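**Q** One predicted model, sequence on top.
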Amino acid sequence: MTDFTMIKGDDGVAVITWDIAGKSMNVLSLEGLAEIDALIDDALADEAVKGIVITSGKDSFAGGMDLNVIAKMKDMAGDNPAQGLFDGIMRMHGVLRKIELAGMDPKTKKGGKPIAAALPGTALGIGLELPLSTHRIFAADNPKAKIGLPEIMVGIFPGAGGTTRLTRKLGAMTASPFLLEGKMSEPKKAKMAGIIDEVVEDPLTAAKDWVLNAKDADLVKPWDAKGYKMPGGAPYHPAGFMTFVGASAMVNGKTKGVYPAAKAMLSAVYEGAMVDFDTALKIEARWFTNVLMNPSSGAMIRSLFINKEALEKGANRPDVPDQRVKKVGVLGAGMMGAGIALVSAQAGMQVVLIDQKQEAADRGKAYAEAYMDKGIARKKATPEKKEQILSLITATTDYAALADADLIIEAVFEDPKVKAEVTAAVEAVIPEDCIFASNTSTLPISMLAKASKRPEQFIGIHFFSPVERMALVEIIKGKQTGDRAVAKALDYVRQIRKTPIVVNDARFFYANRCIIPYINEGIRMVAEGIAPALIENAAKMVGMPLGPLQLVDETSIDLGAKIARATKAGMGDAYPDGAVDEVIFWMEGQGRLGRKSNAGFYDYDDKGKRTGLSAAVAAQYPQAEVQPDLIEVQHRLLFVQSLEAVRALEEGVLEDIREGDVGAILGWGFAPWSGGPFSWLDIIGSPYAAERCDALAEKHGARFACPPLLRDMSNKSQSFYGRFGAKANAA
Ligand code: NAD
């Protein structure tokens, strides 16, 4: 395997080209690191070589470290994984530091060989850390290229010197959006920020020219020169001090202390700023080791990168020929239908958007227009793009327009009768092989399929609201759904660039099945007299994006009441949520329907801004004198969701724990730091999880009863990923 090749030119410039065969983008593996190390040694030792340019054979430079390698590094590190990781990271520092010092005399700083980076396009993660170790970075003027260090988004931080180098190059304050938020910029903006040095038409030629004309002084990095002072001030400088106070507050405010990477990175920056550069690298390596040793980072990488990508690439797709969609019919141009039409047209499909009245269909199309106008105002879209997207959407009441559709997505009222009528009417005009999907959120697919003449071609494609923003799509197989329908749904989701999970048909499918108990647990606690502020803060401090009470305010109390009535009717005596209903129905009676009525568990001002927790709710449900401790509330909120996920697995609703974890994070924001409910249970360990279930069940009821699967795993000290690996089969 050769990821890097070197050609020594007659002009004295050695060009090292990174070009991994068979991949659309370069990623760094440990073998690749060894290769470039050897090539640098060779070029530095060769007297005929005057300078070196590192570039790529692709239209991008590199996407980063191969995250699969990071995930494996710990396992490969032997008996003392922390030491093994630290040594591995220090080896990486060694290679990049060698590039930076380029053979110069350590005392006089003379005699080094100039090394430049020529970036044809995107340079992310280690794909930027490597250029940052060179003496000058040239990038092509490619507005589509992204330059940045997005490691924080998957729960780690730039650990190959990027943290230390960028802080010293820009100062802690200027570097913070790039490090702490993973901000990525196009080359011109990256130059303006001072991350790269030049934006040119032909970076390779410009880099070669520079290398041939560079002077000794051009090779000395500011931090290797005498008298270096960090831009904006080191921690004990008055301005620097303020930066760190602010950054520390910001990190804790944003992460609530549950994401280890941001805090570790800030520590690396703070401590590194007070010592010489090589010691700072060592400190960075120690903090990076610390983060890689934290189970949260491994779980985040696994769910948010490796498994998410595997699902998007069709890990669970049946072996059926390409089912890409050309023309989609969307039935019902309401909130969901309008969004589905928009994302389908954005993916280049022809869309027929149907409603009962022409005005309603037009309103649905106008949603796409308004969305594109907003994009144009924000310079994210162009008038041409808007025209192109609108020209793909036909808004009509005429079912005949569906005659050549290859996929139908139904999003009419949540009423089995209406849905059955629409199904029959549509099947009368669509081609025999057209797949029919329902976007229902509560009605069983197998029941809806009864209205279809072709139940093997009937499936659920469940979007989340707002469609254009939510990344997850839940695909639901009815009892008779065939493989081609599943493949069609997966190919469609891939076209619209969202992440699919495939589940079997059961009440509320997967996502709503887990999120409703979360909301209900919050409401139940209100009825018990637990302070709403404790409930909401406990949820956020354990990493949920919204507390359960805020969430139900957003989705609306009357929807909750409607679902409660329907569920009660469906379940009869087995219905367990009477205590919740009492609160919900009282709220409904008071007209406190949530954000939409400007009153719910929170109060709102005239502009719809939340002003605080409601005094009216507090008066109706007075706080108990003794409040539970934080952990108890957090465990109730996390277990109630996670146990539902385990039951979904036991019952065969979920067939793959990867889908359970990825779906939970993308679908309803289940504490992303944990990697999802199964990863969370693995982090706390099945014996402790079972013990907590027993205690919670005794105190709060059977909904916390330990599922037999978890009990069995606890008896055997097993983990979910250990027992099921990639594919699960619990049933
Ligand atoms: P909505 O009331 O906003 O839209 C429904 C639309 O369907 C209306 O425009 C209505 O005129 C149209 N319609 C009704 N009968 C029709 C018929 N016979 N022929 C053509 N059009 C007809 O509802 P919505 O929120 O968009 O929900 C639609 C579906 O999506 C429901 O099944 C719902 O459960 C599901 N869903 C909703 C959400 C959500 O958050 N709102 C999320 C996921 C799924």
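**A** Noted; the coordinates are in hand. Small disclaimer: the values here were computed from a predicted structure and weren't measured.

**Q** contacting residues for Ser438?
**A** 409-410, 419, 445, 448, 458-461 (CB atoms under 8 Å, 6 or more residues apart in numbering). Where C-beta positions appear, they are placed from N, C-alpha and C, glycine not excepted.

**Q** What is the nearest of those to Leu637?
**A** The shortest gap between Leu637 and any of the contacts of Ser438 belongs to Gly460, at 27.7 Å (CB to CB).

**Q** Would you double-check that the closest one falls in a strand?
**A** Yes - with DSSP: H, G, I helix; E, B strand; the rest coil as the criterion, Gly460 is assigned to a strand.

**Q** Distance to the ligand added to the contacts of Ser438, as JSON lines?
**A** As requested, those are exported to JSON lines (distance: CB to the nearest ligand atom, whole Å):
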{"residue": "Ile409", "distance to the ligand": "9"}
{"residue": "Glu410", "distance to the ligand": "8"}
{"residue": "Lys419", "distance to the ligand": "7"}
{"residue": "Ile445", "distance to the ligand": "12"}
{"residue": "Leu448", "distance to the ligand": "10"}
{"residue": "Phe458", "distance to the ligand": "15"}
{"residue": "Ile459", "distance to the ligand": "14"}
{"residue": "Gly460", "distance to the ligand": "10"}
{"residue": "Ile461", "distance to the ligand": "10"}
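
**Q** Could you export those residues as CSV, including pLDDT and neighbour count?
**A** Formatted as CSV, the contacts of Ser438 follow (pLDDT from 0 to 100; neighbours: other CB atoms under 10 Å):
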residue, pLDDT, neighbour count
Ile409, 98, 27
Glu410, 98, 26
Lys419, 97, 22
Ile445, 97, 26
Leu448, 97, 23
Phe458, 98, 28
Ile459, 98, 29
Gly460, 98, 28
Ile461, 98, 28
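
**Q** Now do Phe157: how many residues are near it, please.
**A** Residues within reach of Phe157, counting by other CB atoms under 10 Å, total 27.

**Q** Going forward, the N-terminal residue is numbered 4.
**A** OK, 4 is where the count begins now, so the last one is Phe160.

**Q** Can you give me the pLDDT of the nearest residue to it once chain neighbours are set aside?
**A** Distances taken as CB to CB, 6 or more residues apart in numbering place Met268 nearest to Phe160, at 3.8 Å, with adjacent residues excluded. As predicted, Met268 sits at a pLDDT of 96.

**Q** Torsion angles phi and psi at Met268?
**A** Dihedral angles of Met268 (phi, psi; degrees, to the nearest 10) stand at phi -60, psi -40.

**Q** re earlier: how about the contacts of Ser441 in TSV, adding distance to Arg510?
**A** Output for the contacts of Ser441, formatted as TSV (distance: CB to CB, whole Å):
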residue	distance to Arg510
Ile412	22
Glu413	19
Lys422	17
Ile448	11
Leu451	13
Phe461	18
Ile462	17
Gly463	13
Ile464	18
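
**Q** There's contact between the residue nearest to Phe160 and Ile155 in this structure, I believe.
**A** Yes - with contact defined as CB atoms under 8 Å, Met268 counts as touching Ile155 (7.1 Å).

**Q** anything in contact with each of these two?
**A** Shared contacts of Met268 and Ile155 (CB under 8 Å, 6+ apart): 182-183.

**Q** and those two? which has more neighbours close in?
**A** Neighbour count, other CB under 10 Å: between Met268 and Ile155, Met268 has more, with 29 against 20.

**Q** Do you know the pLDDT at whichever residue of the chain sits closest to the ligand?
**A** Per CB to the nearest ligand atom, Gly337 is where the chain lies closest to the ligand, at 1.7 Å. At Gly337, the model reports a pLDDT of 96.

**Q** Chain neighbours aside, what residue packs nearest to it?
**A** In space, Gly337 is closest to Ala414, 6.6 Å off (CB to CB, 6+ apart).

**Q** Now do that neighbour against Lys610, distance only.
**A** Going from Ala414 to Lys610 by CB to CB, to the nearest Å gives 30 Å.

**Q** These two: which has the busier surroundings?
**A** Ala414 (28 against 6).

**Q** Tell me where the model's unsure across the chain.
**A** 4, 729-734 (pLDDT under 70).

**Q** Show me which residues of the stretch 304-453 of the chain sit near the ligand.
**A** Contacts of the stretch 304-453 of the chain with the ligand, taken as CB under 6 Å from any ligand atom, map to 334-340, 357-359, 363, 414-417, 421, 425, 442-444.

**Q** can you rerun that using 8 Å?
**A** 334-341, 357-360, 363, 366-367, 400, 413-417, 421-422, 424-425, 428, 441-446 (CB under 8 Å from any ligand atom).

**Q** Now do the contacts for the residue of the chain closest to the ligand.
**A** 358, 363, 367, 414-415.

**Q** Which members of those are positioned in helices?
**A** 363, 367 (DSSP state H).

**Q** and of the contacts of Gly337, the nearest to Lys77?
**A** Taking CB to CB as the measure, Ala414 is the one of the contacts of Gly337 closest to Lys77, at 44.8 Å.

**Q** which residues does the closest one contact?
**A** 333-335, 337, 339-340, 343, 442.

**Q** now swap in Lys116 and tell me
**A** Contacts of Lys116 (CB under 8 Å, 6+ apart): 46-47, 52-55, 105-106, 222.

**Q** Not counting sequence-adjacent ones, nearest residue to it?
**A** Ala105 (4.9 Å).

**Q** Can you pull the phi/psi pair for the one you found?
**A** phi 50, psi 30.

**Q** returning to that earlier point: now list the buried members of the residues of the stretch 304-453 of the chain next to the ligand.
**A** Buried members of those, counted by 16 or more other CB atoms under 10 Å: 334-336, 339-341, 357-358, 363, 366-367, 413-415, 417, 422, 425, 441-446.

**Q** Out of the residues you listed, list just those in strands.
**A** Within those, residues falling in strands by DSSP state E are 334, 357, 413, 441.

**Q** Mind putting those residues into JSON lines with distance to Gly666?
**A** Below are those laid out as JSON lines (distance: CB to CB, whole Å):
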{"residue": "Leu334", "distance to Gly666": "25"}
{"residue": "Ile357", "distance to Gly666": "29"}
{"residue": "Glu413", "distance to Gly666": "22"}
{"residue": "Ser441", "distance to Gly666": "19"}
